[in-house]
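1. have a look at this fold, sequence not included:
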């Protein structure tokens with residue numbers, strides 16, 4: 001037996017001894033998977049969302065809370081292009097969507113209302129910030145109804161914020177950032193979160209993550225409690241979330257401008273690959289027509305900035321006027337010739353606005369500065385302390401404006417009123433009455449002027465000319 005053979009035998013014996021002495025490694029427990037956001041600028045995905053909500057609206061009644069049965073069935077389908085990615089986290093911060101489908105049927109106490117997104121408002125820019133998500137229609141303004149239709153829970157722009165951005169092993173848990181999760185669930189802020197994610201399993205290239213827990217937060221300044229149970233899948237090679245199934249129970253308090261909620265919401269989301277120049281056909285859509293509108297060339301000259309002007313919402317009083325308003329204004333009542341809005345800022349009622357338009361039966365006598373000031377005095381009566389100012393101006397649209405500012409008190413509260421009478425040369429008229437506590441004037445700022453400068457009266461209807469020889473034409477000549 002030569003020395004080399006003896007040496008090799010000794011090595012093998014030592015190795016065998018060490019292998020026997022050391023415990024076997026748990027290879028399954030040691031294996032980890034990278035769950036990290038890795039979106040690329042210019043990447044386009046196709047997103048399909050089905051949302052169903054059942055429960056009750058809570059309304060403030062006389063000394064009690066009235067509950068009305070509520071059902072919502074919504075369907076969204078859109079292509080979403082990544083516009084901007086945070087270099088540090090890899091998370092999407094801005095995107096541009098093109099909706100192929102956006103519709104919902106809202107049933108309140110057996111009365112159904114169907115809403116759809118107009119064809120000219122289907123390209124939507126989104127930005128994720130510290131205070132939530134802003135959604136704008138480049139080159140135009142969304143209405144409140146249009147914004148509510150597409151601003152649903154489980155916003156795909158925020159999906160990658162659910163990821164831990166690190167390697168995790170099977171059964172490992174992590175807690176999504178509370179504020180990001182609050183925005184994802186439709187809240188403005190989170191006060192307490194016990195929601196946790198857990199890597200449940202990995203099959204092939206697909207990781208399944210469970211998300212459960214409770215959250216307490218606020219929306220519109222009122223409290224909301226949420227119980228959440230969800231599951232999403234993450235593709236390990238594509239490095240993105242590809243599906244989400246979410247169920248949540250929410251109990252939301254009644255706000256100054258919105259009802260409370262006691263509902264169960266269920267959402268199904270599927271995210272597939274798309275290509276900016278691909279020719280994919282879905283339903284009745286022509287090949288290539290959807291993604292072409294998200295190409296580099298198509299969006300090169302589009303302003304996607306979400307600023308103070310682009311985020312204004314459009315309000316239309318059918319057949320009468322349109323105007324723009326801060327998103328903090330909410331419509332609380334509508335009837336022919338009268339609309340009531342409330343300005344709610346961080347849950348506090350800042351101001352109320354009534355917009356009235358005269359009917360054809362009302363006096364069409366011209367309104368002067370003196371006569372309008374007299375109307376204000378009469379309307380306020382004993383609540384009036386003094387007239388602080390009165391002036392007559394014109395808007396950029398050429399409308400005549402009479403503005404009267406008054407102060408006084410109601411139930412020992414110091415109140416400021418701003419009265420505006422607006423008219424044009426074609427007989428259109430509108431009266432705005434803003435009322436707020438004097439201490440809130442700084443927060444109110446120039447909210448009245450934003451509405452006033454954007455006001456546009458509807459064009460008068462042109463009567464159809466009767467056909468020659470018709471009975472109407474003969475009657476007119478008589």
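-> Good, I have the coordinates. Bear in mind that the values here come from a model prediction, so they are computed numbers and not experimental data.
2. dig out what residue 343 forms beta bridges with.
-> residue 329, residue 351 (DSSP bridges).
3. for it, grab the count of nearby residues.
-> The number of residues packed near residue 343 is 23, by other Cβ atoms under 10 Å. Every C-beta, even on glycine, is put in place using the N, C-alpha and C of the backbone.
4. please list all residues in contact with it.
-> 326, 328-329, 349-353, 436, 444, 447 (Cβ atoms under 8 Å, 6 or more residues apart in numbering).
5. how close does it sit to residue 416?
-> 13 Å (Cβ to Cβ, to the nearest Å).
6. may I ask which of the contacts of residue 343 has the most neighbours?
-> residue 329 (25 neighbours).
7. so what's that residue scoring on pLDDT?
-> pLDDT, residue 329: 96.
8. any low-confidence regions in the stretch 1-150 of the chain?
-> Counting by pLDDT under 70, the ranges of the stretch 1-150 of the chain that qualify are 1-30.
9. show me what the helix or strand containing residue 269 packs onto, helices and strands only.
-> In the assignment (DSSP states H and E), residue 269 maps to strand 260-274. Applying 3 or more Cβ pairs under 8 Å, 6 or more residues apart in numbering; DSSP states H and E, one finds that strand 260-274 contacts strand 44-60, strand 65-85, strand 240-252.
10. in it, what counts as buried?
-> Under the neighbour-count criterion of 16 or more other Cβ atoms under 10 Å, strand 260-274 has 260-263, 265, 267, 269, 271, 274 buried.
11. with pLDDT and distance to residue 235 added, can I get these in CSV?
-> Output for these, formatted as CSV (pLDDT from 0 to 100; distance: Cβ to Cβ, whole Å):
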residue, pLDDT, distance to residue 235
260, 94, 39
261, 96, 34
262, 96, 36
263, 97, 32
265, 98, 26
267, 98, 20
269, 98, 14
271, 96, 9
274, 73, 15
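12. can you count the residues close to residue 308?
-> The burial count for residue 308: 8, using other Cβ under 10 Å.
13. where does it fall, secondary structure wise?
-> Element membership of residue 308, judged by DSSP H and E, is empty: it is in no helix or strand.
14. which phi and psi values does it adopt?
-> Residue 308 adopts backbone torsions of phi -60, psi -30, taken as degrees, to the nearest 10.
15. and what of the one 3 residues further on?
-> Note on residue 311: its backbone torsions stand at phi -90, psi 0 [degrees, to the nearest 10].
16. per-residue confidence for the residue most central in space within the chain?
-> Centroid-nearest residue in the chain, with Cα atoms, centre = their mean: residue 151, separated by 3.5 Å. Note on residue 151: pLDDT of 96.
17. that one contacts residue 133, correct?
-> Yes. In this structure, residue 151 is within contact of residue 133 by Cβ atoms under 8 Å, at 7.4 Å.
18. which residue ranges of the stretch 301-450 of the chain form helices?
-> Using DSSP state H, counting those that start in this stretch, the helices of the stretch 301-450 of the chain run over residues 369-380, 441-444, 447-454.
19. quick one: closest of these to residue 53.
-> Closest to residue 53 of these, according to Cβ to Cβ: helix 447-454, at 31.6 Å.
20. which residues are contacting the closest one?
-> 312, 322-326, 329, 343, 351, 353, 395-396, 401, 418, 420, 422, 432, 434.
21. show me which of those residues are buried.
-> By 16+ other Cβ under 10 Å, the contacts of helix 447-454 give 312, 322-326, 329, 343, 351, 353, 395, 401, 418, 420, 422, 432, 434 as buried.
22. can you tell me the closest non-neighbouring residue to residue 107?
-> Once flanking residues are discounted, residue 107 sits nearest to residue 71: 4.3 Å by Cβ to Cβ, 6 or more residues apart in numbering.
23. please tell me how far that neighbour sits from residue 297.
-> In this view, residue 71 and residue 297 are 43 Å apart by Cβ to Cβ.
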